[in-house]
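I would like to see how this sequence folds:
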Amino acid sequence: MKDGKRKASALPRWILVLLALALVAGACGGGNDDDDDAGAEAPQPTAAATAPEPADADGEAETAPTESDPDEPAPAQTQEEPAEAEAPAPEEAPEATPEPIVLTDSFRGVTSEAILIGHSSIDFEKLNADFGLDLPYQNFGPPFLALVDWYNEQGGVLGRRLEVVSELFLPVGATTAEAACLKLTEDQKVFAVINGFAGPGAEQVNTCVTELHDTILVGGLPTPEQAEASGGLWVSPQMSLERRNTAMVSILEQTGRIDDLSPVMIIGSHPEQQALIDGIADELRAAGAEVPVVGVVTTTGDQAATQAEMDVYVERARSDGVKSILLTGEENYRNTHLWTTAPEFVYLIGNGDRLSDWQREPPEGLQSGIKVFTARGGPSPMDDSRILHCIDVIEDALGIEILPLEELDEGDVQHWAGMINACRDLAMFVQIAEAAGPDLTNESWVAALDNVPDISVPGVAFASLSSNKVDAADELFLVEYDFDARAFIELAGPIDVG
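Numbering: from 1, shown residues only. Sure, this is the predicted structure:
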């Protein structure tokens, strides 16, 4: 990776809000045969017997003179017993030659030579042009293709090369996302789609891949219901939002912070999160916390109505002695009003990975002195050799420099998101496809989910995968946001919440 650290800068909040919504979704060589034969012990020559002296012409043996007494009989000349020859060591049987892998046209999108995969990603260039935006993100296609080329140079997947069909979409509504899904699944008939769809309206199109077309999807964040409906076809290197929010309770309990934060109020971002926050409340109570208030925003999208609703929650929180407020989901009107009118509470946010932009510009309403605890993935993926490898491959292929968000200057192109998604999604796809074996099908893919216990997710220390757990990442850190430093300060971790 190229050197050089840069100072952070700010982007307008409304752009970051849209982007946050859009980016829901990161040997010992052996001896040869001759050496092995030489190592067997060779038969030793037998000890020679004492040979008699050659006979003279009369046939009598000539006797050598001795100094012994003439009356004493000479000792009888004895002959040594021949030494028993050592049996040669048996030769080792040659190792059996492994049967060659036979590749066939095993499934839709899979031939004996190649696997056809689709790559769906946001068209940031068109998004900027159509909506008058200036989002600094590079389209995700080029870094993805650079890593595909590297995998193919290593032999692909069990000898099959990866071939890619790319489709772009806009993260606003479902129209372009649905068109991209149909092109990949019905027209191109790909074996799998990588990266998936993100953004308001577009995110729901992921089920077009898995449920409507029985096609594998790697990426995104399936809900528990979507994961179950996909039957193992939808997997993600990330931790699901539901598991991340409940894991927040585990982290607080493991770090001994429950008592200091109790009583806790929980507010979900919309009515569909009621089951989620009820589950979190149960987890908190089981850990010893008091949870007197549990509710959701019922007026999403209406700023004035949301503010009035939050005023009611704050009044209840103060009367019930609440110390902390746990927020789930994205609801900027809710968050801004709470931080502005109720700065005395500690705020808990389950999905800290969605807060990366806070390292450049704090969200509206947040102010110095407000405590915000959240759970994030590894704070320093730049220390992970797997991430550094992806960066090197992409930088060399594209002639670019990839820097984390906090090191970008205003006007710099943001390559990080495309790199991390491609790095993690492709690594996961290749590992599962290889575990599925040469007869690659939907069925062998699903069966392989239980045969990759050591699944590796770049930038993540702990990960696991099974047919019942399709979101791989298990690593979280407890961090606190430092408003003045524009940074997340690590408090504990890594913590395995798998």
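
State the helix or strand in which Ile117 lies.
Mapping Ile117 onto the secondary structure by DSSP states H and E places it in strand 114-122.

State the mean pLDDT of whichever helix or strand comes after that strand.
Scanning forward in sequence from strand 114-122 by DSSP H and E, the next helix or strand is helix 124-131. In this model, helix 124-131 has a mean pLDDT of 95.

So which bits of the strand holding Ile117 are buried?
For strand 114-122, the neighbour count (16 or more other Cβ atoms under 10 Å) marks 114-122 as buried. Glycine gets a C-beta too; all of them are placed from N, C-alpha and C.

Turn these into a markdown table, columns for distance to Asp484.
Written out in a markdown table, the entries for the buried residues of strand 114-122 read as follows (distance: Cβ to Cβ, whole Å):
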| residue | distance to Asp484 |
| --- | --- |
| Ala114 | 54 |
| Ile115 | 50 |
| Leu116 | 51 |
| Ile117 | 45 |
| Gly118 | 45 |
| His119 | 41 |
| Ser120 | 40 |
| Ser121 | 36 |
| Ile122 | 33 |
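
Identify the farthest-apart pair in those residues.
Taking Cβ to Cβ as the measure, those reach their widest spread between Ala114 and Ile122, a distance of 26.5 Å.

thought Tyr151 was touching Leu426?
Yes. Under the criterion of Cβ atoms under 8 Å, Tyr151 lies in contact with Leu426, with a separation of 6.7 Å.

Looking at those two, which one has more neighbours?
Neighbour totals were compared for Tyr151 and Leu426, and Leu426 leads with 25 against 17 (other Cβ atoms under 10 Å).

helix or strand for that one, which one?
Leu426 is located in helix 416-436, with elements delineated by DSSP H and E.

so what does the next helix or strand after that helix touch, helix or strand wise?
On the C-terminal side of helix 416-436, the nearest following helix or strand under DSSP H and E is helix 442-448. Here helix 442-448 is seen to pack against helix 416-436 when contacts are counted using 3 or more Cβ pairs under 8 Å, 6 or more residues apart in numbering; DSSP states H and E.

Can I get the helix it packs on in PDB, CA atoms only?
Taking C-alpha atoms only, helix 416-436 is exported to PDB below (Å, rounded to 0.1, in the frame of the first residue of the first chain):
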ATOM      1  CA  TRP A 416     -12.300   1.900   0.400                       C
ATOM      2  CA  ALA A 417     -15.900   0.700   0.300                       C
ATOM      3  CA  GLY A 418     -15.500  -1.000  -3.100                       C
ATOM      4  CA  MET A 419     -12.300  -2.700  -1.900                       C
ATOM      5  CA  ILE A 420     -13.700  -4.000   1.400                       C
ATOM      6  CA  ASN A 421     -16.900  -5.400  -0.200                       C
ATOM      7  CA  ALA A 422     -15.100  -7.100  -3.000                       C
ATOM      8  CA  CYS A 423     -12.400  -8.500  -0.700                       C
ATOM      9  CA  ARG A 424     -14.800 -10.100   1.800                       C
ATOM     10  CA  ASP A 425     -17.500 -11.200  -0.700                       C
ATOM     11  CA  LEU A 426     -15.100 -12.900  -3.100                       C
ATOM     12  CA  ALA A 427     -13.200 -14.600  -0.300                       C
ATOM     13  CA  MET A 428     -16.400 -16.000   1.100                       C
ATOM     14  CA  PHE A 429     -17.700 -17.100  -2.200                       C
ATOM     15  CA  VAL A 430     -14.500 -18.900  -3.200                       C
ATOM     16  CA  GLN A 431     -14.200 -20.700   0.200                       C
ATOM     17  CA  ILE A 432     -17.800 -22.000   0.100                       C
ATOM     18  CA  ALA A 433     -17.600 -23.000  -3.600                       C
ATOM     19  CA  GLU A 434     -14.400 -25.000  -3.000                       C
ATOM     20  CA  ALA A 435     -16.000 -26.700   0.000                       C
ATOM     21  CA  ALA A 436     -18.900 -27.600  -2.200                       C
END
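
Go through it and flag the buried ones.
Neighbour counts using 16+ other Cβ under 10 Å place 416-433, 435-436 of helix 416-436 among the buried residues.

repeat for stretch 143-153
Of the residues in stretch 143-153, 143-148, 150-151 count as buried by neighbour count, 16+ other Cβ under 10 Å.

ditto for stretch 342-360
342, 345-360.

Can you identify each of the helices in the stretch 151-300 of the chain by residue range?
With DSSP state H, counting those that start in this stretch, the ranges of helices along the stretch 151-300 of the chain come out as 175-182, 206-207, 224-230, 241-254, 258-261, 274-286.

Mind putting those into TSV with mean neighbour count, mean pLDDT and distance to Trp445?
Compiled in TSV, those are given as follows (neighbours: other Cβ atoms under 10 Å; pLDDT from 0 to 100; distance: least, Cβ to Cβ, whole Å):
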stretch	mean neighbour count	mean pLDDT	distance to Trp445
helix 175-182	20	97	19
helix 206-207	22	96	17
helix 224-230	17	93	11
helix 241-254	22	87	22
helix 258-261	14	95	40
helix 274-286	17	93	29
